[in-house]
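Asker: Sequence and predicted model, in that order:
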Amino acid sequence: MAATQAFLAVGSNLGDRAAHLQRAVQRLQQVPGITVVRHSTWIESEPVGNGPPQGKYLNGVVEVRTMLSAMALLAIGKALEAEAGRELPGKHHHPRPLDIDLVFFGDQRIDRRDLCVPHRQWHLRSFVTGPLQELGVDTAPQFRWQPPELIETTGALAARTADWLAGDCTIGLVPTMGSLHAGHRSLIEIARAECDRVVATIFVHPLQFGPNEDFAAYPRDLEKDLALCRDGGADAVFAPSVAQMYDPAFCSHVAVGAAAEGMEGALRPGHFSGVATVVARLFALSRPHRAYFGEKDAQQLAVVRRMSKDLGFPLRIVGCPIVREADGLAMSSRNVYLGAEDRKAATVLHRAMASACAQFARGERDRDRLLARVQAVLATEPRATVDYVELRGRDDLAPLPPGPVLAGRLLVAAKFVDGKRPVRLLDNMALDAGASA
Ligand code: AMP
């Protein structure tokens, strides 16, 4: 078996820094299966990241040849860090007597929870690129991670997530139809905070649109969406064509029951079956541990929760709070089509529900009086054509009987027709002690 050429970045900013680095080189040389070829000069650099105030680093790069695997080399590096007195697991960006990162391991590309090779940030750190160049490494052709990776085929998505699963990563899925805004970004950020790898999907899904709906005119801007996914911290974006998702023989659909009755389900026949079908397909392809959906589309969230439970997908559905504009309007990809006057008028949805919420907070509990309050405020805005106003169970959205309501969710939908095209807006608000959704 041939030895692998590997490059390790070493650094120290506690104690006798040069002695720590020199000793690390000696100890590496003593490990059976590792030969130290040479190391760069040690250079001084400022600490990176948002750690506490701390001293400058001494850094360099060590070239080795090894018969060990990348994981074994990583483990040796961790053992030497511990030997130098570093507390492990180490805190990010905190001072340390010794830090050893694997930068390159032959031409292997490894994307595991505990190891990414090439190192994710090698090309952004002059204290790594400088010493590499000093050792004569041509850095130009070396692989750089530049998330998000754009994935366009179902096979590539399944392969990427299979790799992540094999590398012990937890996976978060954020399904969207693109034309992304801060609401979508919040979903990606929540997933980023909770999962090792995040994949956002962008698919304007024809099965979700009725014959007279806005499938063709739904706003699309992939470049802008990719930038937002990058800023939100997505590792990959799955943006397939319709043909990729559905081969010509495709004929299996998820039928949805009570959760899809009434409200959007009544006004958009077939819509939730389309949603459930594509979401089930995305779950099967990407096998996420968690999938993130906005409470903004509360009925969709209830349908997806039910579908996932009924079909037995082994994952957690996470509902995320509604992100609003400063004036209370819930962010939506369709808001761009509102005319200027309609845009101002559209805040009535939020105002109407907030007014009923305030009544609820003052002690009003009667279902019909709370609904009447929402309707009364909506009626003050002639530009809004109301599709429905409902007060349902807070999470399952089950119909509530007349009488007192202890906890629930107000849901409204209304049309505005004076802009570039007619726009239907949805919004909802939870009613419970201390409600603020
Ligand atoms: P869409 O692209 O409209 O299908 O939305 C994709 C996901 O983003 C869905 O789970 C939506 O509920 C969620 N979402 C859309 N708008 C918002 C918002 N203003 N706040 C939070 N989540 C949202």
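Answerer: Looks like it came in fine.
Asker: what does the strand or helix carrying residue 164 contact?
Answerer: Taking DSSP states H and E as the criterion, residue 164 maps to helix 154-166. The contact list for helix 154-166, computed with CB atoms under 8 Å, 6 or more residues apart in numbering, reads 111-112, 149, 151, 171, 196-197, 199, 236, 238, 240, 244-245, 285-288. Just so you know, the C-beta spots here come from the backbone N, C-alpha and C atoms, and that holds for glycine as well.
Asker: quick one: buried residues of that helix?
Answerer: For helix 154-166, a neighbour-count test (16 or more other CB atoms under 10 Å) marks 154, 156, 157, 160, 161, 164, 165 as buried.
Asker: can I get the CA coordinates of it in PDB?
Answerer: C-alpha atoms of helix 154-166 as PDB (Å, rounded to 0.1, in the frame of the first residue of the first chain):
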ATOM      1  CA  THR A 154     -32.400  13.200  -7.600                       C
ATOM      2  CA  GLY A 155     -29.500  10.700  -7.800                       C
ATOM      3  CA  ALA A 156     -27.000  13.400  -6.700                       C
ATOM      4  CA  LEU A 157     -29.200  14.400  -3.800                       C
ATOM      5  CA  ALA A 158     -29.600  10.800  -2.600                       C
ATOM      6  CA  ALA A 159     -25.800  10.300  -3.000                       C
ATOM      7  CA  ARG A 160     -24.800  13.400  -1.100                       C
ATOM      8  CA  THR A 161     -27.200  12.700   1.800                       C
ATOM      9  CA  ALA A 162     -26.000   9.100   1.900                       C
ATOM     10  CA  ASP A 163     -22.500  10.300   2.300                       C
ATOM     11  CA  TRP A 164     -23.500  12.600   5.200                       C
ATOM     12  CA  LEU A 165     -25.300   9.800   6.900                       C
ATOM     13  CA  ALA A 166     -22.300   7.500   6.500                       C
END
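Asker: Now, of the contacts of helix 154-166, which are buried?
Answerer: Buried, going by 16+ other CB under 10 Å: 111-112, 151, 171, 196-197, 199, 236, 238, 240, 244-245, 285-288, out of these.
Asker: List just the nearest of the residues you listed to residue 130.
Answerer: Ranked by distance to residue 130 (CB to CB), the buried ones among the contacts of helix 154-166 are led by residue 111 at 25.8 Å.
Asker: what sits opposite that closest one in the beta ladder?
Answerer: residue 116 (DSSP bridges).
Asker: Please, where are all the helices along the stretch 151-300 of the chain?
Answerer: Secondary structure of the stretch 151-300 of the chain (DSSP state H, counting those that start in this stretch): helices at 154-166, 182-194, 222-232, 242-245, 263-267, 271-286, 298-311.
Asker: For residue 255, give me its contacts.
Answerer: Neighbours of residue 255 in contact, by CB under 8 Å, 6+ apart: residue 273.
Asker: count of neighbours near the residue lying closest to residue 190 once chain neighbours are set aside?
Answerer: Excluding its sequence neighbours, the residue lying closest to residue 190 (CB to CB, 6 or more residues apart in numbering) is residue 320, at 5.4 Å. Residue 320 has 20 neighbours, counted by other CB atoms under 10 Å.
Asker: Contacts for the worst-scoring helix or strand of the chain on mean pLDDT next, please.
Answerer: Within the chain, no helix or strand scores below helix 242-245, which has a mean of 94 by mean pLDDT, DSSP states H and E. With contact meaning CB under 8 Å, 6+ apart, helix 242-245 is reached by 152, 153, 154, 203, 205, 206, 278, 281.
Asker: what would those residues look like in TSV with distance to the ligand and pLDDT?
Answerer: TSV is the format used below for the contacts of helix 242-245 (distance: CB to the nearest ligand atom, whole Å; pLDDT from 0 to 100):
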residue	distance to the ligand	pLDDT
152	18	97
153	21	98
154	19	98
203	9	96
205	9	88
206	13	87
278	10	97
281	15	97
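Asker: Separate out the buried members of those.
Answerer: Of the contacts of helix 242-245, these count as buried by 16+ other CB under 10 Å: 154, 203, 205, 278, 281.
Asker: correct me, but the third one touches residue 274?
Answerer: Yes: between residue 205 and residue 274 a contact is recorded at 6.2 Å, counting by CB atoms under 8 Å.
Asker: For residue 235, see how far away the residue minimising distance to the centre of the chain is.
Answerer: Nearest residue to the geometric centre of the chain (CA atoms, centre = their mean): residue 188, 2.6 Å. In this view, residue 188 and residue 235 are 10 Å apart by CB to CB, to the nearest Å.
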